[in-house]
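> Show me how the following folds:
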Amino acid sequence: MTELPMIRVVDVDAELDALAMRYKNAGGIGIDLLNSLGLQADGLLQRLPKPAREGLQDATEAALKQAMKAAHKSRDMVPDQASWLNAAVSAAMGAAGGFGGLPTALAELPVTTTLLLRVIEGVAAEHGFDVTAENVRFDCVQVFAAGGPMEHDDGADLAFLSARTALSGAAVQGIVARIAPRLSVVLGQKLAAQAVPIFGAVAGAATNYAYTSYYTDMAHIHFGLRKLAIDADRDHADLVADLRVRLEILPAKTPVKTA
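Residues are numbered from 1 along each chain as shown. Okay, here's the model as predicted:
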């Protein structure tokens, strides 16, 4: 007798509620740490020298392209790690990058971007997606469109969850070019925080820790919705709309357990 495959019963409302709480609290202790150091976004970019500000978008786009290659290749050598370990490694890298001020922070930028993308790929794999597939790699880069903890908007901008284009080499390059301006602002704030030697090491550790926590949460939300759409046989855009409604009625901060 042939056994029938197990059918997973999905509680869509419960899973959307959990994703909404995760979005509302994205970054958790990392954002609290940034706030305790006074590293809010306002005015940080103006601390950077003019040449650094003007070259930031190109540097970010180059870092993203490099990260796409390096993060994917690293999967053959290093397995995915626990979230706490990713955050700890990222913090150590940020401290090293900030210790020498802006020059070392700039050198550390592509390394941190690679780590963040690798963390996002790990979350995609955790949700059962094949990270060797072009469309999944595209989605991993798309998570960066959520901005970062210094641009946290409590769910007002969910465009990154539903934006898709035709998948081709040109499309991937296009999404990198589209995301780079927004990500450059976020990474520019990180560089500005690291620009003061010695204190920059503390700021670098704090910003990297916060960024890793934040993008881990964003990846869980992104791929959690993708998986929910498949499991529940629901339209993805409808789920995004339902998530937006939940975010509008949630209080400013609610307890959340993160993986």
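> residue ranges with poor pLDDT in the chain?
Applying pLDDT under 70 to the chain flags residues 1-9, 36-44, 76-77, 79, 84, 151-173, 252-259.
> Try it again at 50.
1, 4-7, 165-167, 254-259 (pLDDT under 50).
> centroid residue for it?
Compute the mean C-alpha point of the chain, and by Cα atoms, centre = their mean the closest residue is Tyr215, 2.5 Å away.
> I'd say that one and Leu115 touch.
No - the pair Tyr215 / Leu115 is not scored as a contact, 9.8 Å apart, by Cβ atoms under 8 Å. No exception for glycine: its C-beta is placed from N, CA and C like everyone else's.
> returning to what we had before: identify the residue spatially nearest to the residue nearest to the centre of the chain, adjacent ones excluded.
Nearest residue to Tyr215, sequence neighbours excluded (Cβ to Cβ, 6 or more residues apart in numbering): Leu116, at 5.3 Å.
> right, and the helix or strand after the one helix or strand the one you found maps to?
For Leu116, the host element (DSSP states H and E) is helix 102-126. Per DSSP H and E, helix 102-126 leads on to helix 134-142 as the next helix or strand towards the C-terminus.
> counting contacts, what elements does that next one pack onto?
In terms of contacts (3 or more Cβ pairs under 8 Å, 6 or more residues apart in numbering; DSSP states H and E), helix 134-142 is packed against helix 56-74, helix 102-126, helix 169-194, helix 199-231.
> Can you pull out the residues in contact with stretch 190-207?
The contact list for stretch 190-207 (Cβ atoms under 8 Å, 6 or more residues apart in numbering) reads 30, 33-34, 37, 39, 44-48, 52, 56, 91-102, 105-106, 108-109, 112, 148, 150, 189, 208, 211.
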